[in-house]
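1. Next input, structure requested:
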Amino acid sequence: MTFLVAGATGTVGRQVVAALREAGAPVRALTRRPGAVTFGPGVEVVGGDLTDASALAPALHGVAAVHLINFGGDDYAPLGNGTELVAEIEEAGVRRVTMLAGWSESTLEPAVRASGLSWTTVAPTEIMANALEWADEVREGRVERPYGDSRTAMVHEGDIGAVAATALLEDGHAGTEYLLTGPERISLREKIAVLGSAAGREVEFVELTPDQARARMRAQGVPAHMIDFQLEVFAAPPVEYNTPNGVVEKVTGRPARGFAQWAQENAAAFR
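-> Below is the predicted model:
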């Protein structure tokens, strides 16, 4: 039986694909640009976008379970067609899904919860791979961002993928929302220092005001809803979502990976 992974070329989607393949499961990778990506053996790449539910029938054929994201399109906007997507998934005979939590405005998660599907929600706090957006500045030796003392329990994207894959492959996870954290709370200043150490250079951190940060992101073409989301979240990260909780190890049997390990794994991007 095949497993369909939506957003398969994304930060988390790639990790879900990798974890399923590690377990020996055949995977169908759903992406908007199928000709621009390749995976290894055992992965079939198919074109599609969750914003167009009616076009998903071929991708869903013969699928045992689906990993979903709650945004779509080139602007990563919250999905507004959750009811239609659930109808297509159920019509295809799929009974088990995992969802990557995100935009509260998306209609997908409420539709899945109200359906007859066996669902599991994977809700990560800040994802470690987001640190890649600082790569150019780290290489230049100076990072300018707001909220330098804001602390989060960053989680490794590989751990997110492993939890999602486990919930797709195994019984016992239905109706559960897994809040995923890393093993430590770490401030933005500390993250930059860790990246500098991994890259072998001193990196200065300069704190911006929220207005300065908003103007910079707007000039970079960041969508308004993503700017609002980032500034709101990092102004005061919710304590509940940023207290290490051991869920990764509970689900996968392996301890969550720390940010220093992630930095070493990705050091080349910051040199």
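2. Strands along the protein, start to end?
-> 2-6, 27-31, 43-47, 63-69, 71-72, 77-78, 96-100, 118-124, 142-145, 151-152, 176-180, 186-187, 204-207 (DSSP state E).
3. can you redo these as a markdown table with mean neighbour count?
-> For glycine as for every other residue, the C-beta is placed from the backbone atoms N, C-alpha and C. Shown next, in a markdown table, are the strands of the chain (neighbours: other C-beta atoms under 10 Å):
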| stretch | mean neighbour count |
| --- | --- |
| strand 2-6 | 26 |
| strand 27-31 | 24 |
| strand 43-47 | 16 |
| strand 63-69 | 24 |
| strand 71-72 | 22 |
| strand 77-78 | 17 |
| strand 96-100 | 25 |
| strand 118-124 | 22 |
| strand 142-145 | 18 |
| strand 151-152 | 22 |
| strand 176-180 | 18 |
| strand 186-187 | 18 |
| strand 204-207 | 14 |
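4. Out of these, which gets nearest to residue 263?
-> Evaluated over the strands of the chain, closeness to residue 263 peaks at strand 186-187, with 10.8 Å, by C-beta to C-beta.
5. Sheet partners, orientation included, of the closest one?
-> Note on strand 186-187: by DSSP bridges, its sheet partners are strand 151-152 (antiparallel).
6. now what about the strand it pairs with, what contacts it?
-> With contact meaning C-beta atoms under 8 Å, 6 or more residues apart in numbering, strand 151-152 is reached by 125, 126, 185, 186, 187, 234, 237, 242.
7. In this structure the second one contacts residue 156, no?
-> Going back to what we said before, that points to residue 126. No - contact criterion C-beta atoms under 8 Å: residue 126 and residue 156 do not qualify, at 10.9 Å.
8. what touches both of these two?
-> Shared contacts of residue 126 and residue 156, defined by C-beta under 8 Å, 6+ apart, are absent.
9. State whether residue 34 and residue 45 are indeed in contact, as I suppose.
-> Yes - here residue 34 reaches residue 45: they are 4.8 Å apart, a contact under C-beta under 8 Å.
10. Show me just the buried residues among the contacts of strand 151-152.
-> Burial by neighbour count, judged by 16 or more other C-beta atoms under 10 Å, picks out 125, 126, 185, 186, 234, 237, 242 from those.
11. Now go through those residues and say which are in helices.
-> Using DSSP state H, the subset of these located in helices is residue 234.
12. Just send the buried ones among the contacts of strand 151-152 back as CSV, with pLDDT too.
-> As requested, the buried ones among the contacts of strand 151-152 are exported to CSV (pLDDT from 0 to 100):
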residue, pLDDT
125, 93
126, 92
185, 96
186, 96
234, 87
237, 89
242, 94
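13. now, which of the buried ones among the contacts of strand 151-152 sits nearest residue 167?
-> When those are ranked by distance to residue 167 (C-beta to C-beta), residue 125 comes first, at 17.7 Å.
14. Report the contact partners of the closest one.
-> By C-beta under 8 Å, 6+ apart, the contact set of residue 125 is 152, 153, 154, 155, 179, 180, 181, 182, 237, 241, 242.
15. returning to that earlier point: reformat the strands of the chain as TSV; add distance to residue 112.
-> Formatted as TSV, those follow (distance: least, C-beta to C-beta, whole Å):
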stretch	distance to residue 112
strand 2-6	12
strand 27-31	16
strand 43-47	21
strand 63-69	7
strand 71-72	14
strand 77-78	14
strand 96-100	6
strand 118-124	5
strand 142-145	35
strand 151-152	27
strand 176-180	12
strand 186-187	32
strand 204-207	40
